[in-house]
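Chemist: Predicted coordinates and the sequence they were generated for:
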Amino acid sequence: MAKPIEYRFCTGPWNFSEGRDPYGPETRAAESFDWKLAALKKLGFDAMMFHDDDAVPDLENKSATEVLKEAKSLRKRLKSEGIAAEMVAPRLWFAPQTIDGAYTNNDKKLRRYAIDRSKQAIDIANELDTDLLVLWLAREGSYIRESKNARRCVDYLVEACDAMLAHDPNIRLAIEPKPNEPMDVAYIPTIGHALALAQLTHDPKRVGTLIESAHAILAGLDPADEIDFAMAFDKLWSLHLNDQNGLKFDQDKPFGSANLRVAFNQVRALERNGYGRRGEFVGFDVHPFRTTRPEHLLKHLDNSRRTFLRLVEKARSFPEKSAQALIADRNYQDLDQLVLEHLMGK
Ligand code: GLO
Ligand code: MG
């Protein structure tokens, strides 16, 4: 039997957020990057996820050489702290150039901006010693369907991926699907879409996925099934575990907070597929509640990790034999209760 995996954890600087929502301002002061780095160590996390401009703030106003120099010095900094860079993601939803989409913008010049920025994010990833570029396709979609040609947008997405793959023969792209928000409807809403898109690129082997629990739930799917599906293709390269209470705004709740059983099944799916065996990290894309006081700012991360590790124990101690007997007897009624009793501690 394969040795049980020892999971390694990561999160992003944006996950220490300040409590702003569309209806009200920040409720906590921003913490510095150094503070966040120290916090990760204190929490026993192993890596940090980066947007390109988390790694190099204000990168649009710096020369390419300056950007790489800063990335290099960040790498040293991380190394001395013993924290790895898990991935880099181009932030393609903030700049004025991406108001109407990044890779799928109707304007050629603006599509070019998105591709150039992504290439630079790859250069930053190289400096930070990671071969993983995450693509959350935030603004690739439409507010009203008639504004864009969705067929052409598929070609644009493939063109953009191909340009990134050609820029660096070692880079791997992990597409993070999400069905909506900020767009009304996104072009790549599920893992199936991401994997299908990968097949159209010139090097499908280097195009995989990142699953976020909340995004799968927003698509009306079960994140555990999405994990199994991606892993059947060997293409789950990163994870954003969190939770989501039904179909509303993206909540990024602590892992297991809304539905412990759904969380348990995600952990079971990771375990049965051997996630982490090739060095993949378990990431938490969670945010503190708006009500969280500064002194409790690390709780959502620490609690997500605790819940994850408790659920690993639950997955490993699941009464498999009894479950198999019930499955053979098609007694799903008692199988259902077996799961509940197991989760409740009996
Ligand atoms: C938002 C996304 C976002 C991305 C992050 C990495 O819904 O989950 O947090 O994961 O920006 O690109
Ligand atoms: Mg995410």
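Modeler: Cool, the structure landed. Ligands and ions are numbered 1, 2, ... in the order given.

Chemist: So which bits of the longest helix seen in the chain are buried?
Modeler: Scanning the chain for the helix with the most residues, using DSSP state H, yields helix 108-127. The neighbour-count check on helix 108-127 (16 or more other CB atoms under 10 Å) flags 110-111, 113-115, 117-127 as buried. All C-beta spots, glycine's among them, are computed from the backbone N, C-alpha and C.

Chemist: cool, and stretch 23-43?
Modeler: Within stretch 23-43, judged by 16+ other CB under 10 Å, the buried ones are 27-28, 31, 33, 36-37, 39-40.

Chemist: Now the most centrally placed residue in the chain, what are its backbone angles?
Modeler: In the chain, the centroid-proximal residue (CA atoms, centre = their mean) is H240; its distance is 3.7 Å. When quoted as degrees, to the nearest 10, the phi and psi of H240 stand at phi -120, psi 90.

Chemist: do A47 as well
Modeler: In terms of degrees, to the nearest 10, the main-chain angles of A47 are phi -150, psi 160.

Chemist: which SSE is the spatially closest residue to it that is not a sequence neighbour in?
Modeler: Closest residue in space to A47, ignoring its immediate chain neighbours: C10 at 3.7 Å, by CB to CB, 6 or more residues apart in numbering. Element membership of C10, judged by DSSP states H and E, is strand 9-11.

Chemist: so after that strand, what's the next helix or strand?
Modeler: helix 33-43.

Chemist: Neighbouring strands - and their directions - for the helix or strand following that next one?
Modeler: Next helix or strand after helix 33-43 toward the C-terminus (DSSP H and E): strand 47-51. Within its sheet, strand 47-51 is paired with strand 9-11 (parallel), strand 84-89 (parallel), according to DSSP bridges.

Chemist: right, and the helix or strand after strand 47-51?
Modeler: The element immediately downstream of strand 47-51 (helix or strand, assigned by DSSP H and E) is helix 52-55.

Chemist: which residues are in contact with that following helix?
Modeler: Contacts made with helix 52-55 from outside it, assessed by CB atoms under 8 Å, 6 or more residues apart in numbering, are listed as 12-14, 33, 59-60, 70-71, 74, 85, 88-91, 117, 120-121, 124, 128.

Chemist: ok, which stretches of the chain are strands?
Modeler: Listed in chain order, the strands of the chain (DSSP state E) span 9-11, 47-51, 84-89, 132-136, 141-142, 172-176, 185-186, 207-212, 236-241, 282-284.

Chemist: Tell me the helices and strands packed up against the last one.
Modeler: When contacts are defined as 3 or more CB pairs under 8 Å, 6 or more residues apart in numbering; DSSP states H and E, strand 282-284 sits against strand 9-11, strand 236-241, helix 299-316.

Chemist: May I see the buried residues of the last one?
Modeler: Residues of helix 299-316 classed as buried: 300-305, 307-308, 310-312, 314-315 (neighbour count, 16+ other CB under 10 Å).

Chemist: Now do that helix, average pLDDT.
Modeler: Here the mean pLDDT over helix 299-316 is 98, rounded to a whole number.

Chemist: what about it and ligand 1, any contact?
Modeler: No. For helix 299-316, no contact with ligand 1 is found by CB under 6 Å from any ligand atom; the gap never falls below 13.7 Å.

Chemist: What residues does R305 make contact with?
Modeler: By CB under 8 Å, 6+ apart, the contact set of R305 is 9, 43-45, 284.

Chemist: Check R293 too.
Modeler: Taking CB under 8 Å, 6+ apart as the definition of contact, the neighbours of R293 are R28.

Chemist: if we go to 10 Å?
Modeler: By CB atoms under 10 Å, 6 or more residues apart in numbering, R293 lies in contact with 27-28, 299.
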